[in-house]
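Student: attaching a predicted model along with its sequence, questions to come.
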Amino acid sequence: MTRPPGKRTILGVSSTSQAAPAATKSILIVDDDKQILALLTELLSGSGFHVETAADGAEGMEKIDSQNFDLILCDVWMPSMTGLEMLERLDGRKERPPVIMMTADDTPETVLKAARGQALQVVGKPFKTAAVLELVKQTLEGPTGPPIEVVSARPDWVELLVPCDLKSADRVHQLMLKLKSDLPENVRESIGQAFRELLHNAIEWGGQMDCNQKVRISFVRAKRMLLYRIADPGRGFNFKGLTHAAISNPPENPIEHMRVREEKGLRPGGLGLMITQSLVDELIYNEAQNEVMFIKYLD
C-alpha cells in the first residue's frame, strides 16, 4: 500500500447555502460511515452540487471508472479498499480529479501517506461542515495548482519540492501544521507563522511566483528541536538592500523602513523578517541568502 522510502511521488493539497454554482459540479463521497455520507450529501447537494456516494473504496473505484467527477471526498480507513489504496489506484491517471481525504487518524504517518498518494488536503474528523463546504468551493473554483513533489515522507524527516505559487504554499502550510499536532498550541502557532512567512518570501522573491520554479523544503524533527530548511531558486539578496524592511532599520531609527516604503509606494508592512526572528530560537542564512534554516528548541 505504501511506496518504498526515497521514491519521489507527487502531492496534488454547519450551514448550507442554497446558491447553486454557475455550472453543476459532480462530487463523489466515499465513506463507510452512513451518518457522514448523509451529512455531506445534504450539505453539498443543498449547495447546488451533484453528489454520488460509495460505502468503501472498491465501490468508489467502480463509480470513478464509469463516471466523471470534479472532486472526491474520501475516508482513509474503510473495508474492502482503503482510501490510501484508492489513491494508489488513481496514481498515473491523466484525468484524475482532486482528492480531499477525511480521517480521525490524522497522525503524521497517515497524513504523509496521503501526501504521497497526491491527496490535495487531509481533513480531520470530526470536522465543521462549514469549513468542509468552504474547502470544497475553493477547490472547485479553479485550478488546484501544480503538483508538489514528495522526496521524503518520514515523520522525522520530510522533504518537499514546492512550485512557486501561493496555492501550493497554502497546501504545504496546512500539511506542516498536521505534522506538529502533538505540540503545545503556542509552539504550533509560532512555528507555523514563521514557516509561512519564510516560504512566502522564498516563493515571491526567490521564485518570482513562477510555478515552473520550485522551493525545496526540509523538516527534521529531533528529540529536542525542530529544524526547517527552505531553499529557493533565486540569486539571493543582501540585508543591506532591504531598506524597506524593518529588519534593516538602524538602532537609532526603528521605523525608518516606513519612510522608505512610503517613498517607494509600497503597502504598509515590512515586519515579516523581524517578527520571524522573534518567533524562533535560531534563524540562519547561507552566504547568498537564498537558503534559510530556522530552529525551534523543545522543552
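Tutor: Nice, I can see it. Values in this document were obtained by computation on a predicted structure and should not be read as measured data.
Student: now the helices: where do they sit in the stretch 151-299 of the chain?
Tutor: 166-178, 185-201, 256-264, 272-279 (DSSP state H, counting those that start in this stretch).
Student: low-confidence regions, this protein specifically.
Tutor: 1-23, 238-251, 253-274 (pLDDT under 70).
Student: and with 80 instead?
Tutor: Flagging of the chain using pLDDT under 80 yields the residue ranges 1-23, 92, 94, 142-147, 180-181, 237-275, 299.
Student: residues near residue 212, how many?
Tutor: By other C-beta atoms under 10 Å, 10 other residues sit near residue 212. In short, each C-beta sits where N, CA and C put it, glycine included.
Student: name the stretch among the helices of the stretch 151-299 of the chain that sits most buried.
Tutor: Sort the helices of the stretch 151-299 of the chain by mean neighbour count, taking mean count of other C-beta atoms under 10 Å, and helix 166-178 sits at the top with a mean of 19.
Student: in terms of secondary structure, what does it contact?
Tutor: Packing partners of helix 166-178 (3 or more C-beta pairs under 8 Å, 6 or more residues apart in numbering; DSSP states H and E): helix 108-116, strand 121-124, strand 148-154, strand 157-163, helix 185-201.
Student: thinking again about what came up before, how about the helices of the stretch 151-299 of the chain in TSV, adding distance to residue 291?
Tutor: Output for the helices of the stretch 151-299 of the chain, formatted as TSV (distance: least, C-beta to C-beta, whole Å):
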stretch	distance to residue 291
helix 166-178	17
helix 185-201	11
helix 256-264	24
helix 272-279	15
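Student: of all those helices, which lies closest to residue 224?
Tutor: Nearest to residue 224, of all those, is helix 185-201, at 13.0 Å by C-beta to C-beta.
Student: so which of the helices of the stretch 151-299 of the chain is nearest residue 222?
Tutor: Once those are compared by C-beta to C-beta, helix 185-201 is nearest, at 14.1 Å.
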